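Colleague: got a sequence here, can you model it:
(chains A and B)
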Amino acid sequence: MDEQRRPHILVTGAAGALAQQVIDRLRETCNLVAVDFREQVYLGDDIPSYCIDFNKRSFEDLFRRYKFDGIIHLGRIMSSQLTRMRRYNANVLGTQKLLDLSHKYNIKRMVVLSTFHVYGAVAYNPALIDEEAPLKSAGLSADLIDSVELENLANIYLWRYPDLNITILRPCNIVGPGVRNSISTLLGMERAPVLAGFSPMMQFIHIDDMADAIVLAYNKPQRGIYNVAPEDWVAYQHALKLCGCKRIPIPSIPPILPRLILRTLNLRSFPSYLMHFFKYPVVIDGRAFAREFNFTPKRPLKEIFRFYRENKKPV
Amino acid sequence: MGLASYLKSRLIPAELDSHINRIRKPIGSLGYDPWGYNNEVMKYGFSLTRQIYDKYFRVEATGVEKIPAEGPVLIVPNHSGQLPIDGLLIGYALASREKNPRIPRAMIERFFPTVPYLGNLLNEFGAVLGDPTNCAKMLANGEAVIVFPEGVRGSGKLYRDRYQLKRFGNGFMHLAMKYKAPIVPVGVVGCEETIPAIADIKPLARLLGIPYAPLAMPVVLPAKVHLNFGDPMMFDDLEIPEEQVTERVEQVKAAISELIDTGLSERKRLF
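Modeller: From the prediction side, this is the model:
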C-alpha cells in the first residue's frame, strides 16, 4: 500500500560531517540515498551511496530508480576547496541540474543549504540582518559568487515551481566535531591569525543543532528563505581565546597590506577573500526560522568552545 | 592576583559593578549583544567616563530624569566638537542617574567601524553603526537610542558656526513614529569649545578617507559642559506626507534650539 511507503530522500554532500548527522537522524524513518561529488562514503548496508557528478547523465538514473519524495541539498563545495571553475561547475551548474531533475520528477520537498557568507562582510552591515537584505557578497569577491548564484538559482525555482516546496537555509558559522570549514579549522588551531584591531561579532551553531534544524525544516513543508543562528554572539578574538588559541595579529591597515600578506601565505583556514569576514561583522537574525520551525539550539557557545579547547592535539 | 584582576579591582569598585549589573541588558551567554556591546568592557568605559565627566568637563545635567525609565526612546541632541564627546557625556548622564539608570546606545558615523581598535571599542561601550536598520531593531528591543540628526554636518562644523543647528535628517522621526518612541530633545552647551576648529582641510580628509580633517589644536580643551534635557515629545504613527514629517522634525529642532539658548544663558564662563 502507498501509505506504508517510507519517504525516499536524496541527501547530497554525503561525505560531509553535517550530511552524516542528518542521515543518522533520518535513517530510522526514511529510505535514504546519499551522493557526493567528491568521494563515495560507506553509510551502512541500508543506504546506497554514490560518488557522482550532478552534471553527468547517470545522475538522472538515480531519480528514475529511487523515485525520491524529497531532496536535502547539502552538497555545496566550500570556497576554500577546488578551483573557482570546478566549484562553479559543481555548485551552480550542478545545482541547476539537480533543480531541473527535481522539477521533472515531481519532488515534493527540498531543503537547500546556503551560507551567511552570501550577505557579504562590509563595514556598513547592520546587526541582525534579515532574510530580505541584499546579497552583497558577489560584489566583494569572485570566490563567493558561486555561493550567491547557487542561492539565486534555488530562489528562482522556489518561486517559479511552488510544488517543489523549497526551503533555503542560511546558517551562521557551523562548527563542532568533524566540521572542516575555515572557521572550524581556525578554532582548532594552536595559533590562529587575526586582523590587528578587528574582532567582529560572530555567531556559531553546533553541527548537531544544525542537523536538527535541517531535519525540522525538511519535515515542515514551509517554503522560503531562513537564516539559522542562535541568539548568542561573541567577538572573533574572544572566541579564539576561549578555544585556547594564541592570536597572531596581521597588520590591518592599509587594506592592501593584509591582502598581500594573506595572498602570499595562501592559508586555507584564513583565505584572503574571506578576510572581510574577520574584519566586519555579519550578524544574522535567526528569529524567523526559530519561530516558524519551533527551533531552539541546545548546545551553548561555551560547550562548543570547550570542545575546541580540549581537542587541540588530535590523537 | 593577575594584572587584569588587579586593574579591575582598582578601576571598578563594587558599587559601580553592581550599578552596571543592575541595568539589565539583553545579552548572550558570553556578555555580548548582537551589536557588540559587552557588559564587562562597559564597566571600564563607565569608570573612565566618570573621571572625564566629573573632573574634566564638570558636566551639569538638568532634566535627565525626563527620559522614560523603560521602553524605546530616542534622545536627540545637537552635535558638535569634532569628536563624539557629546554622545559619551549624554550616555553617562543617563547611565549614572540614581533612579532607573539606562545604558543608551549612540548611533555613530559610518566611518568608525573601519578604524582598527576604536571601532570595536566603541561597539563594546554600546555605540552602534548609524544605520536605520540598527536603530529600528534596537527600538524594537526597547532600547534608549542617542541619535544626532545633524550627523557629520554637526560634529564637523567650524568654531565660527558654533551653536548653529545644521540641517536635520528625517530618518529619526520616521523611526520614532513607527516604533511609538518618545523623542527627548537635548541641548548640549560646551562641546563646541572642546576642539575649536578654524578650517576643514578637505583634500586631507579625502586622502585619509575620513569625513573631515579639522585644523585645530591637537588637544581637547576642558570646557564646562551643560546638558539640558527637554520634555519627551510624542508623535502619532499616521501615514503622512514627507512635508509634514519635516515639519515635525522642525518642531524637535526648535525644542533643541530653545534648550541650547537656556544652556547658553545659564553658562557663567567657558571653562
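
Colleague: which parts of the stretch 151-300 of chain A are strands?
Modeller: Residue ranges of the strands in the stretch 151-300 of chain A, as given by DSSP state E, counting those that start in this stretch, are A:166-171, A:173-175, A:191-195, A:201-202, A:204-206, A:224-228, A:234-235, A:246-250.

Colleague: the last one pairs with which strands, and in what direction?
Modeller: Using DSSP bridges, the strands paired with strand A:246-250 in its sheet are strand A:191-195 (parallel).

Colleague: the strand it pairs with: how far from the chain's middle?
Modeller: 23 Å (C-alpha atoms, centre = their mean, to the nearest Å).

Colleague: again with stretch B:106-118
Modeller: 14 Å.

Colleague: tell me which helix or strand residue B:43 sits in.
Modeller: Assigned by DSSP states H and E, residue B:43 belongs to helix B:39-51.

Colleague: what helices or strands is that helix leaning on?
Modeller: Helix B:39-51 is packed against helix B:3-11, helix B:14-22, helix B:85-95, helix B:118-124, with contacts defined by 3 or more C-beta pairs under 8 Å, 6 or more residues apart in numbering or on different chains; DSSP states H and E. For every residue, glycine as well, the C-beta is placed using N, CA and C.

Colleague: quick one: mean pLDDT over that helix.
Modeller: Model confidence over helix B:39-51, given as mean pLDDT, is 92.

Colleague: got it, and stretch B:114-123?
Modeller: For stretch B:114-123, the per-residue pLDDT averages 93.

Colleague: got the contact list for it?
Modeller: With C-beta atoms under 8 Å, 6 or more residues apart in numbering or on different chains as the test, stretch B:114-123 has contacts from A:123, A:195-201, A:235, A:252-253, B:35-37, B:41, B:108, B:112-113, B:209.

Colleague: and chain A, which residues reach chain B?
Modeller: A:123-130, A:195-201, A:231-235, A:238, A:242, A:252-253, A:280-281, A:283, A:285, A:300-302 (C-beta under 8 Å from any C-beta of the partner chain).

Colleague: for chain A, what's the nearest residue on the stretch 151-271 of chain B?
Modeller: Using C-beta to the nearest C-beta, the single residue of the stretch 151-271 of chain B nearest to chain A is residue B:209, 9.9 Å away.

Colleague: so what's that residue up against?
Modeller: Going by C-beta under 8 Å, 6+ apart, the list of residues near residue B:209 reads B:111, B:114.

Colleague: coming back round to it: alpha carbons of the helix holding residue B:43, as CSV, please.
Modeller: Taking Å, rounded to 0.1, in the frame of the first residue of the first chain, the C-alpha atoms of helix B:39-51 are listed here in CSV:
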residue,chain,number,x,y,z
ASN,B,39,28.9,44.3,29.8
GLU,B,40,32.4,43.9,31.3
VAL,B,41,34.2,46.3,28.9
MET,B,42,31.3,48.7,29.5
LYS,B,43,32.3,48.9,33.2
TYR,B,44,35.8,50.1,32.3
GLY,B,45,34.3,52.6,29.9
PHE,B,46,31.9,53.8,32.6
SER,B,47,34.7,54.2,35.2
LEU,B,48,36.9,56.2,32.8
THR,B,49,34.0,58.4,31.6
ARG,B,50,33.1,59.2,35.3
GLN,B,51,36.5,60.9,35.6
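
Colleague: can you list the buried residues in that helix?
Modeller: B:39, B:41-47, B:49 (16 or more other C-beta atoms under 10 Å in any protein chain shown).

Colleague: for chain A, give me its nearest residue in the stretch 51-200 of chain B.
Modeller: residue B:116 (2.4 Å).

Colleague: what's the neighbour count on that residue?
Modeller: Neighbours of residue B:116 under the rule other C-beta atoms under 10 Å in any protein chain shown: 16.

Colleague: so where's the chain shaky on pLDDT?
Modeller: No chain in the question, so chain A it is. In the predicted model of chain A, residues A:1-3, A:79-81, A:313-315 satisfy pLDDT under 70.

Colleague: sorry, I should have been clearer: chain B.
Modeller: Short version for chain B, where the test is pLDDT under 70: B:1.

Colleague: contact residues of it facing chain A?
Modeller: B:28-30, B:32-36, B:38, B:110, B:113-117, B:119-120, B:123, B:128-129, B:131, B:133-134, B:137.

Colleague: separation between the closest residue to residue B:108 other than its chain neighbours and residue B:112?
Modeller: Once flanking residues are discounted, residue B:108 sits nearest to residue B:127: 4.7 Å by C-beta to C-beta, 6 or more residues apart in numbering or on different chains. Distance of residue B:127 to residue B:112, computed by C-beta to C-beta, to the nearest Å: 8 Å.

Colleague: could you do residue B:75 as well?
Modeller: Separation of residue B:75 from residue B:112 (C-beta to C-beta): 19 Å.

Colleague: with residue A:177 instead?
Modeller: Residue A:177 is 38 Å from residue B:112, by C-beta to C-beta.

Colleague: same check on residue A:6?
Modeller: Remark: distance between residue A:6 and residue B:112 (C-beta to C-beta) = 56 Å.

Colleague: among the contacts of stretch B:114-123, which ones are buried?
Modeller: A:123, A:195, A:197-201, A:235, A:252, B:35-37, B:41, B:108, B:112-113.

Colleague: for these, name the two members farthest from one another.
Modeller: Comparing all pairs in these by C-beta to C-beta, the longest separation belongs to A:252 and B:37, at 22.2 Å.

Colleague: so which bits of stretch B:109-120 are buried?
Modeller: Result for stretch B:109-120 [16+ other C-beta under 10 Å]: buried residues B:109, B:111-116, B:119-120.

Colleague: where do the strands sit along the stretch 151-271 of chain B?
Modeller: Using DSSP E, counting those that start in this stretch, strands in the stretch 151-271 of chain B cover B:183-189, B:197-200, B:214-216, B:226-229.

Colleague: still on that earlier bit, so what's the gap between the helix holding residue B:43 and the chain middle?
Modeller: Distance, centroid of helix B:39-51 to centroid of chain: 15 Å (C-alpha atoms, centre = their mean).

Colleague: what's the angle from that helix to helix B:85-95?
Modeller: 110 degrees (axes from the mean of the first three to the mean of the last three C-alpha atoms, to 10 degrees).

Colleague: what's the angle between helix B:39-51 and helix B:14-22?
Modeller: Going by the same axes, to 10 degrees, helix B:39-51 makes 120 degrees with helix B:14-22.

Colleague: surely residue A:180 meets residue A:13?
Modeller: No: between residue A:180 and residue A:13 there is no contact under C-beta atoms under 8 Å: 11.9 Å.

Colleague: neighbour count: those two, which is higher?
Modeller: Using other C-beta under 10 Å, the more surrounded residue of residue A:180 and residue A:13 is residue A:13, with 22 against 14.

Colleague: how about the contacts made by the closest residue to the more buried one other than its chain neighbours?
Modeller: Among residues not flanking residue A:13 along the chain, residue A:75 sits closest, at 3.2 Å (C-beta to C-beta, 6+ apart). Residues in contact with residue A:75 (C-beta under 8 Å, 6+ apart) are A:12-14, A:16, A:19, A:35-37, A:54, A:90, A:94.
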